[in-house]
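Asker: When you get a sec, could you give me coordinates for this:
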Amino acid sequence: MNIHLQDLKELASERLLPWLILLLLAGGAYFLAKRILVRLAHDFSQRSRNQIDDLLARHGVFDALAYLLPLVIIHYASAFMPAGAILLQRLVSVSLVALVALLADRLLSVGLDLYERHPISRKRPLKGYVQVAKILIYAAALIVGLCQLLEKSPWGLLSGLGALSAVLLLVFRHTLLSFVASFQVISQDLFRLGDWIEMPQHGADGEVVDMTLHTVKIQNWDKTIVCIPTYRFLEESFKNWRGMKMAGGRRIKRAILVDQETICFCDQEMLQRFRRIHLIGPYVEQKMREIEEYNQSQGIDTSASPLNGRRMTNLGTFRIYIEEYLRHHPRIRQDMTLMVRQLAPTPQGLPLEIYCFAAETRWIPYEKIQADIFDHILAAAPEFGLSVFQIPTGKDLKGALVALETAQKSES
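Answerer: Sure thing, here's the model as predicted:
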């Protein structure tokens with residue numbers, strides 16, 4: 001019994017010893033390549049002015065090359081191990097296929113990083129296509145690796161996969177939809193990196209910061225991130241504000257509510273006051289002459305009733321004043337639509353809407369322009385005898401009660 005155990009130990013040591021030596025050699029080679037060669041490559045890339053070697057180091061190309069040295073040692077060492085030579089050769093072949101796929105993956109990342117440093121990448125992003133290429137590379141590597149390991153023809157394996165095409169289409173449905181959507185988005189230039197996208201059904205209202213094969217990442221103005229599947233942009237509607245930026249004008253569309261009880265015909269005192277306003281002085285004089293000539297030609301006695309003939313109103317004059325104010329404003333686009341119009345009366349008052357375009361598309365400057373315009377309009381309304389409507393507050397009600405109590409005391 002002791003003799004048989006001794007024989008087994010000797011047999012095991014004779015067979016396992018070469019494998020242990022090979023494992024130590026391969027591990028030592030990888031350790032040396034990783035700690036010495038790769039570190040030297042990283043140090044060289046940091047000292048050089050070339051950007052490409054920096055990207056190679058950042059994306060781990062040098063780290064992947066470190067696997068090549070142990071594979072070479074295993075390949076040549078297999079000649080000294082007849083019992084396991086075939087197995088080692090197969091493993092080396094499969095490992096080389098995996099290494100080539102890994103290197104291709106990382107080199108594509110380097111190329112994409114270089115491409116994204118050019119301005120054209122914001123107009124024609126290629127990240128989705130690179131991801132598709134990586135999927136195809138790994139799929140091809142998997143097929144070739146299995147064929148190497150099983151010693152089968154790739155065509156036989158592919159013919160077997162053909163029978164599973166329906167299952168594959170179901171599994172990769174979103175990938176295929178996203179690929180088609182990415183192609184449509186880029187080819188039709190639906191949106192780009194940096195565009196302001198609004199998609200309320202997904203809670204998106206912000207800037208496109210990333211476009212991949214499967215998702216589009218949007219950073220909202222409140223700094224939250226929304227990820228939307230790419231194919232959703234072909235199935236659902238969205239708003240792109242790029243046209244506003246390209247036009248160079250951002251729309252102002254806001255109304256003030258005029259108290260309808262303050263609308264009246266202009267008397268002589270009001271007309272004389274309006275004639276002294278710089279922006280509408282010529283208009284008032286021309287309008288007064290026009291109305292007077294019309295009333296005289298028609299033989300209308302305007303003194304008999306305020307309703308006889310044509311008359312100017314404070315609201316119409318105020319509307320012309322706002323138009324002239326906007327036409328003389330240096331930060332309003334004069335080549336775009338500019339108008340001041342009345343909307344349908346409401347229980348809260350008569351809406352007087354300002355519709356124009358600011359010569360600024362950035363958010364903060366645009367809001368400042370809009371605020372300055374309405375500051376002036378609200379302050380100018382009383383000069384025309386108009387009041388802007390607002391719902392009575394507690395202070396208003398308190399003042400009315402005090403006035404009522406004072407009136408009652410005076411009567412008593």
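Asker: that's a helix at Ile369, yeah?
Answerer: Yes: looking at Ile369 with DSSP: H, G, I helix; E, B strand; the rest coil, it is inside a helix.
Asker: and the closest residue to it other than its chain neighbours, bridged to which residues?
Answerer: The spatially closest residue to Ile369, leaving aside those adjacent along the chain, is Ala358, at 4.6 Å (Cβ to Cβ, 6 or more residues apart in numbering). Yep, even glycine has a C-beta here, placed from its N, CA and C like the rest. Legend: beta-bridge partners of Ala358 under DSSP bridges are Arg250, Ile332.
Asker: got the residue ranges for the strands in the stretch 101-250 of the chain?
Answerer: Ranges of strands within the stretch 101-250 of the chain are 196-199, 204-211, 215-220, 225-229, 239-240, 250-258, based on DSSP state E, counting those that start in this stretch.
Asker: Helix, strand, or coil at the nearest residue to Gln298 once chain neighbours are set aside?
Answerer: Leaving aside its sequence neighbours, Gln298 sits nearest to Gly309 (Cβ to Cβ, 6+ apart; 7.0 Å). Of the three states, Gly309 takes coil under three-state DSSP.
Asker: which ones are touching Gly309?
Answerer: 291, 294-295, 298, 300, 302 (Cβ atoms under 8 Å, 6 or more residues apart in numbering).
Asker: And for Ile186?
Answerer: The neighbours of Ile186, taking Cβ under 8 Å, 6+ apart as the test, are 124-125, 128.
Asker: What's the local residue count around the residue nearest to Leu107 when sequence neighbours are not counted?
Answerer: Sequence neighbours aside, Val61 is the residue nearest to Leu107 in space, at 6.5 Å (criterion: Cβ to Cβ, 6+ apart). Counted by other Cβ atoms under 10 Å, the residues lying close to Val61 total 20.
Asker: Distance check, Val61 against Ala26.
Answerer: Using Cβ to Cβ, to the nearest Å, we find Val61 at a distance of 21 Å from Ala26.
Asker: Next, give phi and psi for the residue nearest to Gln298.
Answerer: For Gly309, the backbone dihedrals (degrees, to the nearest 10) come out as phi 70, psi -170.
Asker: where does it land on pLDDT?
Answerer: At Gly309, the pLDDT value in this model is 86.
Asker: Just want to check the distance between it and Leu22.
Answerer: Taken as Cβ to Cβ, the spacing of Gly309 relative to Leu22 amounts to 113 Å.
Asker: Check Pro382 too.
Answerer: Pro382 is 96 Å from Leu22, where distance means Cβ to Cβ.
Asker: and Leu350, which of the three is it?
Answerer: With three-state DSSP as the basis, Leu350 sits in strand.
Asker: wait, what's in contact with it?
Answerer: 257-258, 260, 263, 315, 342-343.
Asker: so which of the residues you listed is the most crowded?
Answerer: Within those, most neighbours by other Cβ under 10 Å means Val258, with 25 neighbours.
Asker: these two touch, right, that residue and Ser387?
Answerer: Yes: under the criterion of Cβ atoms under 8 Å, Val258 makes contact with Ser387 at 7.4 Å.
Asker: What are the contacting residues of stretch 211-225?
Answerer: By Cβ under 8 Å, 6+ apart, the list of residues contacting stretch 211-225 reads 125, 127-129, 131-132, 174-175, 178-179, 182, 185, 193, 197, 199, 203-210, 226-230, 233, 363.
Asker: same thing but at 6 Å, please
Answerer: The contact list for stretch 211-225, computed with Cβ atoms under 6 Å, 6 or more residues apart in numbering, reads 125, 127-128, 131, 178, 197, 204-210, 226-228, 230.
Asker: Quick check on the residues you listed: which are buried?
Answerer: With neighbours counted by 16 or more other Cβ atoms under 10 Å, the contacts of stretch 211-225 contain buried members at 125, 127-128, 131, 178, 197, 204-206, 208, 226, 228, 230.
Asker: between those residues, which is nearest Ser45?
Answerer: Proximity of the buried ones among the contacts of stretch 211-225 to Ser45, judged by Cβ to Cβ, is greatest for Lys127, which lies at 23.9 Å.
Asker: Find the residue closest to the closest one in space, skipping its chain neighbours.
Answerer: In space, Lys127 comes closest to Thr212 once its chain neighbours are excluded; the distance is 5.3 Å by Cβ to Cβ, 6+ apart.
Asker: and the residue nearest to Ile369, what is it in contact with?
Answerer: With Cβ under 6 Å, 6+ apart, Ala358 has these contacts: 250, 252, 366, 369.
Asker: and what of Leu338?
Answerer: By Cβ under 6 Å, 6+ apart, Leu338 lies in contact with 326, 356.
Asker: Check which residues of stretch 390-409 are buried.
Answerer: Per 16+ other Cβ under 10 Å, stretch 390-409 contains no buried residues.
Asker: tell me the pLDDT at Leu158?
Answerer: 63.
Asker: Does the closest residue to Ser95 other than its chain neighbours lie in a helix or a strand, and which?
Answerer: Using Cβ to Cβ, 6+ apart and skipping the chain neighbours, the partner closest in space to Ser95 is Leu71 (5.5 Å). Under the criterion DSSP states H and E, the helix or strand holding Leu71 is helix 68-77.
Asker: quick one: average confidence on that helix?
Answerer: Helix 68-77 comes out at a mean pLDDT of 79.
Asker: So which of the contacts of Ala358 is surrounded by the most neighbours?
Answerer: So for the contacts of Ala358 (other Cβ under 10 Å), the most neighbours sit at Arg250, 21 neighbours.
Asker: measure that residue to Met336 for me?
Answerer: According to Cβ to Cβ, Arg250 and Met336 sit 10 Å apart.
Asker: Alright, I will stop here.
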